[in-house]
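*Asks:* would you be able to build a 3D model of this:
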Amino acid sequence: MKYEYFVDNLSDDIIENMTDKMLRFEKNRQNKNIKKELLKIIPAVAAIVFVIGLINMLPIFNGVDVDIPGASGAIIEESDTKPFLYLSADDISEVTVELIPPFVSHVLNRYEIKELTNILHDVEIYEQDDSYNHYYGQAVNFVITKTDGSKIEIIDYNPFIVIDGVGYRTKYEPCEELNKFANDIAGIKYETEPKPVENTPGPKNLWTVKSGITLRLAQDSYLPGTTEMTLILENRSAFVMSYGQGWSFEKYINGEWRKLECIDNYGFNSLGYTLNEYDKQFFEISTWFLKEPLDVGLYRVTGCSLRVAMDSENLVWNGTFIEYPPYQLEFTVSNDAVIEPDCKPIPMSELSGWQLPEIEDWQWYTWAHCNLMYRNAGFTDWTTIKSEGNGRLFAVLYRENTPENEILNIGDKLKMDIFDRQTGRRYEVFTEPKFEYDKVSAYQDGFIADCGELFYCHINENDEVVIELMN
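*Replies:* All right, here's what the predicted structure looks like:
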């Protein structure tokens, strides 16, 4: 109380001067305390710095190469540069290997799995490098399934190795040993030019790019003078592939392939095409540039190189893709052959209403089929959501009698259909519009829809599309 009274009776100048001095005093006191604390911890900091310096020098003493871009001064374990150092054969349930070319696959036995893991222990990676996409040569693709269900995909493409889609520069010798191991167990014998066996019952008219992607001619045999034949491209995988124009013809004469003569000054258009996931396409191969028509004999057509990626955005020159060798398909020309039938489906533009083209059992209808079906049925605005996993189902949200070019808005009450890509069937979830498009989301193999109540639309154990009310 006395202090308060004293302050109350001081003049403003005196109070301001005292306050300033008190602030300076307090600041000096704090600075001295900080210096004292710093003096206390300096020895500890120095000790820590000294220990870190010793640790950073350990790889040098242990003979481990730590000259890795972006990792200067880091502590590098041997397992960082040898990713399979601790992989055990006991942790592996199955291994398949595919050799491209010659496009053969093999399932490893337990002895071979043990031998593979021993080789993988020595595989050493350096900097990440995706330029393997632009190299040509044999690729050896190992798919390792572990006992816990997880998978590792390794593509041996010396001097590169690709691990689960990420490419690295690699030590040459272990990668070369991997390649030799795969070729030995597959029994591959190389020749500079592969030749057909004389007693082969028919031409080799199937080209496997990778598992699920194949090319073939519509027929094994054609009539003399044939000028056009249909190339059928089938994709049963989740990858996409690009291909283009440009091909050549050879004839098998006296035990060897001989290139057919061509007209002068011919060329092909530089056009690229995309084979989408779960899609089937047809492409015309013509003989227009040959000097002479096809006569009786065994022939081979060699096309362009093929590029495979996870999606179409990665098919560009600087994308992440794998370049596969040009396809080669054989066919005969015989007087007993028949004219190639029209194997193409009815164009979607010629269909109406809810029609869809007839497809083979294996093929899945695509997103484009789904959208064109709604367009042909008279709808101008809708949105689609693909289910997770294999993406078999589409949820289609739309509004009837929508004015031309009017967009769907948040809050609009929409109808909801389920479109089954595998069967081409369309299911009406509700006949009344009650869904808002931002209230539907993909969930596992189906969809969760919220319209005040939660509904789960999915495929049940009987392979049927069902709609369940969730509690």
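
*Asks:* residue 161 contacts residue 171, correct?
*Replies:* No. Between residue 161 and residue 171 there is no contact, the gap being 9.1 Å when judged by CB atoms under 8 Å. For glycine as for every other residue, the C-beta is placed from the backbone atoms N, C-alpha and C.

*Asks:* what domains does the record give for the protein?
*Replies:* Domains of the chain are assigned by automatic domain parsing as 20-76, 78-186, 207-333, 349-470.

*Asks:* what helix or strand is residue 298 on?
*Replies:* Element membership of residue 298 [criterion: DSSP states H and E] is strand 297-302.

*Asks:* got a list of contacts for the very next helix or strand once past that strand?
*Replies:* In the C-terminal direction, the helix or strand that comes right after strand 297-302 (DSSP H and E) is strand 306-309. For strand 306-309, contacts defined as CB atoms under 8 Å, 6 or more residues apart in numbering pick out 209-210, 213, 239-243, 315, 319-327.

*Asks:* can I get the host helix or strand of residue 426 in PDB, CA atoms only?
*Replies:* In the assignment (DSSP H and E), residue 426 maps to strand 425-428. Taking Å, rounded to 0.1, in the frame of the first residue of the first chain, the C-alpha atoms of strand 425-428 are listed here in PDB:
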ATOM      1  CA  ARG A 425     -25.900 -54.200 -67.100                       C
ATOM      2  CA  ARG A 426     -27.400 -51.000 -65.600                       C
ATOM      3  CA  TYR A 427     -29.200 -51.000 -62.300                       C
ATOM      4  CA  GLU A 428     -31.600 -48.300 -61.100                       C
END
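
*Asks:* doesn't residue 314 lie inside a strand?
*Replies:* No. Residue 314 is assigned helix when assessed by DSSP: H, G, I helix; E, B strand; the rest coil, not a strand.

*Asks:* what residues are up against residue 276?
*Replies:* Counted by CB under 8 Å, 6+ apart, residue 276 has contacts 235, 240, 312, 366, 368.

*Asks:* out of these, which are buried?
*Replies:* Among the contacts of residue 276, the ones that count as buried by 16 or more other CB atoms under 10 Å are 235, 240, 366.

*Asks:* distance to residue 141, pLDDT and secondary structure for these - can I get that in a markdown table?
*Replies:* Shown next, in a markdown table, are these (distance: CB to CB, whole Å; pLDDT from 0 to 100; DSSP: H, G, I helix; E, B strand; the rest coil):
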| residue | distance to residue 141 | pLDDT | secondary structure |
| --- | --- | --- | --- |
| 235 | 17 | 87 | strand |
| 240 | 18 | 91 | strand |
| 366 | 26 | 71 | coil |
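
*Asks:* direction included, what does the strand holding residue 426 pair against?
*Replies:* Sheet pairing for strand 425-428, assigned by DSSP bridges, gives strand 415-420 (antiparallel).

*Asks:* what sits up against the strand it pairs with?
*Replies:* 365, 370, 373, 384, 392-400, 425-433, 435, 440, 447, 449, 457, 459, 465.

*Asks:* on that earlier part again, could I get the average pLDDT for the strand holding residue 426?
*Replies:* Strand 425-428 comes out with an average pLDDT of 81.

*Asks:* touching that strand from outside, list them.
*Replies:* With CB under 8 Å, 6+ apart, strand 425-428 has contacts from 354, 373, 396, 415, 417-420, 465.

*Asks:* list the buried ones in that strand?
*Replies:* So for strand 425-428, counting by 16+ other CB under 10 Å, buried means 426-427.

*Asks:* next secondary structure after that strand?
*Replies:* strand 440-443.

*Asks:* which strands or helices does that next one pack on?
*Replies:* Packing partners of strand 440-443 (3 or more CB pairs under 8 Å, 6 or more residues apart in numbering; DSSP states H and E): strand 382-386, strand 393-398, strand 446-450.

*Asks:* give me the contacts around the helix or strand containing residue 234.
*Replies:* Secondary-structure assignment from DSSP H and E places residue 234 in strand 228-235. By CB under 8 Å, 6+ apart, the residues outside strand 228-235 that reach it are 212-219, 222, 241, 243, 275-287, 303, 329, 331, 340, 343-344, 363.

*Asks:* now that strand and strand 297-302, what's the angle there?
*Replies:* Calculated by axes from the mean of the first three to the mean of the last three CA atoms, to 10 degrees, strand 228-235 forms an angle of 50 degrees with strand 297-302.

*Asks:* picking up where we left off before, among the contacts of strand 415-420, which ones are buried?
*Replies:* Here, 16+ other CB under 10 Å leaves 365, 370, 373, 384, 392-399, 426-427, 429, 433, 435, 440, 447, 449, 457, 459, 465 buried among the contacts of strand 415-420.

*Asks:* in the strand holding residue 298, what's buried?
*Replies:* Here strand 297-302 shows 298-302 as buried, counting by 16+ other CB under 10 Å.
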